[in-house]
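Chemist: Next one to model:
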Amino acid sequence: MELNVKALSPKIGHEIPAPFYATPGAAAMDLHACIDQDLVIPAGKRQVVPTGIAIALPSADYVALIFARSGLGIKHGVAPANCVGVIDSDYRGEILVGLQNSGDADYTIHPGDRIAQLMLTPVLQAKVTMVDELDQTDRGAGGLGSTGA
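Modeler: Numbering: from 1, shown residues only. Have a look, this model is predicted:
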């Protein structure tokens, strides 16, 4: 699969890396903050951080998902505010990452910092059929811990 990436800032590919897979086994690419100066996310607050890029997924058969960087989330409590960002195949605008700081201290993002991960994955669009009854299973309607702690 080929992913077309458009640099929306002249910094991309020079001061700020274009997205790339860090290792041959990487499932996602890092997204970098495309900002001109440090950006502080106060503890308990949210900020939208631009990446300076737009993408063109090849068809509706794909979606791009934005996930947290594990170190940023675990060490500092900074992760996408909507948990997982969804970039539909027909979106062509700048990728913006809404970050939430759930930590106890303010967190500073510097220009070019890695702020999230971008994963591409196939999509299945279901044909929705409304029914009066669903088939029965052993589990049934049990949820929220019904299979154990």
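Chemist: spatially speaking, which residue is in the middle of this protein?
Modeler: Closest residue to the average C-alpha location of the chain: residue 66 at 1.0 Å, with Cα atoms, centre = their mean.
Chemist: Surely that residue is in contact with residue 85?
Modeler: Yes. Judged on Cβ atoms under 8 Å, residue 66 makes contact with residue 85 at a distance of 3.2 Å. Just so you know, the C-beta spots here come from the backbone N, C-alpha and C atoms, and that holds for glycine as well.
Chemist: Common neighbours of those two, please.
Modeler: Both residue 66 and residue 85 are in contact with 97, 116, where contact means Cβ atoms under 8 Å, 6 or more residues apart in numbering.
Chemist: doesn't the residue nearest to the centre of the chain fall inside a strand?
Modeler: Yes. Judged by DSSP: H, G, I helix; E, B strand; the rest coil, residue 66 forms part of a strand.
Chemist: For it, give the beta-bridge partners.
Modeler: residue 85, residue 118 (DSSP bridges).
Chemist: Pull up the gap between residue 82 and residue 56, please.
Modeler: Counting by Cβ to Cβ, to the nearest Å, the separation of residue 82 from residue 56 is 22 Å.
Chemist: lowest-pLDDT helix or strand in this structure?
Modeler: helix 70-76 (a mean of 92; mean pLDDT, DSSP states H and E).
Chemist: Now do whichever helix or strand comes after that helix: distance to the chain's middle.
Modeler: As assigned by DSSP states H and E, the chain's next helix or strand after helix 70-76 is strand 78-80. A distance of 9 Å separates the centroid of the chain from that of strand 78-80, by Cα atoms, centre = their mean, to the nearest Å.
Chemist: Can you list the neighbours in contact with strand 78-80?
Modeler: Residues outside strand 78-80 that contact it (Cβ under 8 Å, 6+ apart) are 41, 66-68, 72-73, 97-103, 107, 116.
Chemist: repeat for stretch 118-136
Modeler: The contact list for stretch 118-136 (Cβ under 8 Å, 6+ apart) reads 1, 3, 19, 27-31, 57, 60-67, 89, 95.
Chemist: can you pull out the strands in the protein?
Modeler: Along the chain, counting by DSSP state E, strands occupy 4-7, 29-32, 39-41, 46-50, 53-56, 62-67, 78-80, 85-87, 96-101, 107-109, 114-122.
Chemist: Any chance of those in JSON lines with distance to residue 133 as columns?
Modeler: Converted to JSON lines, these look like this (distance: least, Cβ to Cβ, whole Å):
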{"stretch": "strand 4-7", "distance to residue 133": "46"}
{"stretch": "strand 29-32", "distance to residue 133": "44"}
{"stretch": "strand 39-41", "distance to residue 133": "48"}
{"stretch": "strand 46-50", "distance to residue 133": "42"}
{"stretch": "strand 53-56", "distance to residue 133": "42"}
{"stretch": "strand 62-67", "distance to residue 133": "31"}
{"stretch": "strand 78-80", "distance to residue 133": "38"}
{"stretch": "strand 85-87", "distance to residue 133": "31"}
{"stretch": "strand 96-101", "distance to residue 133": "40"}
{"stretch": "strand 107-109", "distance to residue 133": "50"}
{"stretch": "strand 114-122", "distance to residue 133": "30"}
